[in-house]
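>>> Sequence plus predicted model, see below.
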Amino acid sequence: MAPTVEASPRIAIFGAGAAGICTAIKLIEAGLDDITMFEKSDGVGGTWRANTYPGAACDVPSHLYSYSFASKGDWTRKFAQQPEILAYFEEITDRYGLRRLIRFNTEVRSATFDENTGTWRVVTDAGAEDFDVVVSGLGQLNRAYVPEIDGLSQFAGDMFHSAHWDHSVDLSGRRVAVVGNGASALQFIPHVAEQASELTVFQRSANWVIDKRDGEYPGWRQRMFARFPATQRLHRWSIYWRLEANFALLRRSSRAARLLERVITRALEPVTAVLPSEAVIPDYPIGCKRILLSSDYYAALMRDNVHVELDHIDHIEPDAVVTVDGRRHEVDTIIWGTGFRSTEFLAPMTVIGRDGRDLNEAWAKGAVAYLGVAVAGFPNLFMLYGPNTNLGHNSIIFMIEQQSRYIVEMVKELRDQHLAWIDVRRDAMDRYNVDVQRRAGDTVWVASCDSWYKNEHGIVTNNWPAFTVTYWKRMRGIRRGDHVRRHRAVAATTSPELRHEIV
């Protein structure tokens, strides 16, 4: 008689971006194929579908911003642009037959755990369904942030966030205000400067910017990678180790970082001869905020039609942005380059775990998660690109692959051991987070700068504070003692002793 094949748990994946796609593939390869993916947009790609602003591109080299199991030898540029990255994720989706699993134009409203059944009730704008496992692939950069400024709603011109670029607006001859100078703004400002008659960039502080050194891959090299895959793998790993070494620059005691600051400052002397030094040279150590890459940003700022405004915005009028010194900057278009609500993980979705615990309330003082993947009191709920898994020096795709592998192992245990649920122990999660914050305290991220790496309490909630190899080692196996499990045969009304253990 053939051995009985255990049925796959019912799995819901929120989001069809890089993280959701990766995890779906790995689950299917493990025989865990009862999957439903919920995607709020009309296609796959996540942030690479949403962000279509001029100049949108990756700041991680192309050959490392792709799955290790689905390499692409014919990247056309060292740093791929948005259309090519989106095409890659669409091709991977089709190659692995994922579209049949995805419900497009469907946004998740809430997820509530039922202790009696060991299932999650997932409510979307299309209805409600029950699942055994929930995986969030929503990540950290999915909700655009626009600051609350007096008079914002009274502005009479065109206004949009870079993550929702309005391509119907022709910027030719316009007086444009760009608010913010982060990674996205750095990419689209040169394009806006070429079109607008006047461009005013409102920035709170300067960024450390390094020459991107982008360029096309010649055809012969693309053909070599295709014909000899080993050369492409070698190229990929050389990029990985070069970027991995950069974490040393993020330590507070890094002498190399101080030397790099001096080198960059000296290289910017031609720029500071034209622009105020405070508009160009940061007053915080390199790495405290995201290090940016560009080869055309400073040239754009030095154009005759571009003005950098350092005074803070006081309010907005129908035809102007007014700074705190009372000056009116007349504009007819405002573009928000103000980033994302990166520390509000899973919001505005409501997630209710055991004993009616609300995840947003549990994270009121800062998001924490065991390995960045699981939260105590929320069984069978796993996250991708969760708290303390962002990187300041390497590729997030690498981190996502480690998390996907870990989640697959957890779900396989659920199936093979006939478990109703697995939950991380609170003491294990707390120990892990203490270690993460101890490591973070040794990095430059805790220095005095306003960064999306930290929450309003100054706690580093976004970044992984070590080499990615360290994370890879930590994710290689499940530590059984860090989890509690409930078998399906166990009654829903657990003893006080067991309840004390798992709460």
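Cool, the structure landed. Numbering: from 1, shown residues only.
>>> domains of the protein?
Domains of the chain are assigned by automatic domain parsing as 11-143+342-502, 152-207+254-336.
>>> List the contacts of Ala440.
The contact partners of Ala440, by CB atoms under 8 Å, 6 or more residues apart in numbering, come to 388, 446, 460, 463, 465. For every residue, glycine as well, the C-beta is placed using N, CA and C.
>>> Run a quick neighbour tally on the second one.
Under the neighbour criterion other CB atoms under 10 Å, Val446 is assigned a count of 19.
>>> Kindly report the same for the last one.
When counting by other CB under 10 Å, one arrives at 23 neighbours for Pro465.
>>> now it, what's its secondary structure?
Pro465 falls in the coil class when you classify it by DSSP: H, G, I helix; E, B strand; the rest coil.
>>> ok, which stretches of the stretch 351-500 of the chain are strands?
381-383, 419-424, 483-487 (DSSP state E, counting those that start in this stretch).
>>> Let me fix that, I meant to ask about the stretch 201-350 of the chain.
209-210, 292-293, 306-309, 313-317, 320-323, 328-330, 333-336, 350-352.
>>> Nearest to Arg174, out of the ones you listed?
Arg174 lies closest to strand 333-336 among the strands of the stretch 201-350 of the chain, at 5.1 Å (CB to CB).
>>> Quick check: neighbours of that closest one in the sheet, parallel or antiparallel?
Here strand 333-336 has these sheet partners by DSSP bridges: strand 158-161 (parallel), strand 175-179 (parallel).
>>> quick one: it to chain centroid distance?
23 Å (CA atoms, centre = their mean, to the nearest Å).
>>> Report the buried residues of that strand.
333-336 (16 or more other CB atoms under 10 Å).
>>> And the contacts of that strand?
Here strand 333-336 has contacts from 144, 146, 155, 157-162, 169, 171, 174-180, 188, 192, 196, 316, 321, using CB under 8 Å, 6+ apart.
>>> Narrow the residues you listed to just the buried residues.
144, 146, 155, 157-162, 171, 174-180, 188, 192, 196, 316, 321.
>>> got the buried residues for stretch 111-131?
Buried, per 16+ other CB under 10 Å, within stretch 111-131: 111-113, 115, 118-122, 124, 131.
>>> So among these, where is pLDDT lowest?
Within the buried residues of stretch 111-131, pLDDT reaches its minimum at Glu115, with 91.
>>> That one and Arg354 touch, don't they?
Yes. Counting by CB atoms under 8 Å, Glu115 touches Arg354, with 6.0 Å between them.
>>> what's the closest of the buried residues of strand 333-336 to Tyr284?
Nearest member of those to Tyr284, counting by CB to CB, is Trp336, at 23.0 Å.
>>> Across the sheet, point out what pairs with the closest one.
His161, Val179.
>>> going forward can the numbers begin at 41, since that is how I track them
Done: numbering now begins at 41, and the last item shifts to Trp376.
>>> now the angle from the helix ranked longest in the chain to strand 523-527?
Scanning the chain for the helix with the most residues, using DSSP state H, yields helix 436-456. Angle, helix 436-456 to strand 523-527, by axes from the mean of the first three to the mean of the last three CA atoms, to 10 degrees: 40 degrees.
>>> which residues of the stretch 291-440 of the chain score low on pLDDT?
382-385, 387 (pLDDT under 70).
>>> where exactly do the helices run in it?
Ranges of helices in the stretch 291-440 of the chain, per DSSP state H, counting those that start in this stretch, are 295-307, 309-312, 337-341, 399-402, 436-456.
>>> Check what contacts the first one and list those residues.
Contacts with helix 295-307, where a contact means CB under 8 Å, 6+ apart, come from 248-250, 288-291, 321, 325-327, 484.
>>> Would you mind listing where the stretch 41-190 of the chain has pLDDT under the threshold?
Applying pLDDT under 70 to the stretch 41-190 of the chain picks out residues 41-45, 180-182.
>>> and with 80 instead?
41-46, 179-183 (pLDDT under 80).
>>> Please, where are all the helices along it?
58-69, 87-90, 122-135.
>>> Can you say which of these is nearest to Leu141?
Comparing those by CB to CB, helix 58-69 comes nearest, at 6.5 Å.
>>> how about the closest one: buried residues?
Neighbour-count burial for helix 58-69 [16+ other CB under 10 Å]: 58-68.
>>> Nearest to Cys98 among these?
Nearest to Cys98 among the buried residues of helix 58-69, with distances taken as CB to CB, is Ala58, at 10.8 Å.
>>> any chance of the strands of the stretch 241-390 of the chain in a markdown table, with distance to Asp74 too?
A markdown table is the format used below for the strands of the stretch 241-390 of the chain (distance: least, CB to CB, whole Å):
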| stretch | distance to Asp74 |
| --- | --- |
| strand 249-250 | 46 |
| strand 332-333 | 42 |
| strand 346-349 | 54 |
| strand 353-357 | 50 |
| strand 360-363 | 52 |
| strand 368-370 | 56 |
| strand 373-376 | 41 |
| strand 390-392 | 21 |
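>>> Of those, which stretch is the most buried?
Greatest average neighbour count among the strands of the stretch 241-390 of the chain goes to strand 373-376 (a mean of 24), per mean count of other CB atoms under 10 Å.
>>> Give me the number of neighbouring residues for Leu104.
Leu104, neighbours per other CB under 10 Å, totals 21.
>>> And it, how close does it get to Pro94?
Separation of Leu104 from Pro94 (CB to CB, to the nearest Å): 24 Å.
>>> With Pro101 instead?
Taken as CB to CB, the span from Pro101 to Pro94 is 21 Å.
>>> More neighbours: the two, which one.
Taking Pro101 and Pro94 together and counting by other CB under 10 Å, Pro101 has the greater number of neighbours (22 against 17).
>>> can you pull the contacts of that one?
Pro101 touches 118-119, 279, 283, counting by CB under 8 Å, 6+ apart.
>>> quick one on the thing from earlier: so which of the buried residues of helix 58-69 would you say is closest to Val346?
Ala58 (33.7 Å).
>>> ok, that closest one - contacts?
86, 88, 129, 436-437, 440.
>>> related to what we said a few turns ago, arrange the helices of the stretch 291-440 of the chain in TSV, one row each, with distance to Thr146 and mean neighbour count as further columns.
What follows is the helices of the stretch 291-440 of the chain, written out as TSV (distance: least, CB to CB, whole Å; neighbours: other CB atoms under 10 Å):
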stretch	distance to Thr146	mean neighbour count
helix 295-307	45	13
helix 309-312	47	13
helix 337-341	38	19
helix 399-402	21	15
helix 436-456	22	20
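>>> burial of Gly521, as a residue count?
8.
>>> do the same with His458
Around His458 there are 10 residues (other CB under 10 Å).
>>> so it sits right up against Arg526, yeah?
No. Checked against CB under 8 Å, the pair His458 and Arg526 is beyond contact range at 10.5 Å.
>>> Now for those two: what residues contact both?
Between them, His458 and Arg526 share no contacting residue, judged by CB under 8 Å, 6+ apart.
>>> what residues are up against the spatially closest residue to Arg273 that is not a sequence neighbour?
Among residues not flanking Arg273 along the chain, Ser111 sits closest, at 7.2 Å (CB to CB, 6 or more residues apart in numbering). The contact partners of Ser111, by CB under 8 Å, 6+ apart, come to 103, 269, 272-273, 276.
>>> Sort out which one of those lies nearest Gln262 for me.
For those, the nearest to Gln262 is Gln272 (9.4 Å; CB to CB).
>>> May I have the residues that are in contact with that closest one?
103, 111, 113, 265-266.
>>> for Ile392, which residues make a bridge with it?
Here Ile392, judged by DSSP bridges, has bridge partners Thr152, Asp398.
>>> Against Arg514, how distant is it?
Taking CB to CB, one finds Ile392 at 29 Å from Arg514.
>>> Surely Ala416 and Arg471 touch.
No. Counting by CB under 8 Å, Ala416 stays clear of Arg471, with 11.3 Å between them.
>>> Give me the distance between the residue nearest to Tyr337 when sequence neighbours are not counted and Arg330.
Excluding its sequence neighbours, the residue lying closest to Tyr337 (CB to CB, 6+ apart) is Leu226, at 5.2 Å. Plainly put, Leu226 is 10 Å away from Arg330 if you go by CB to CB.
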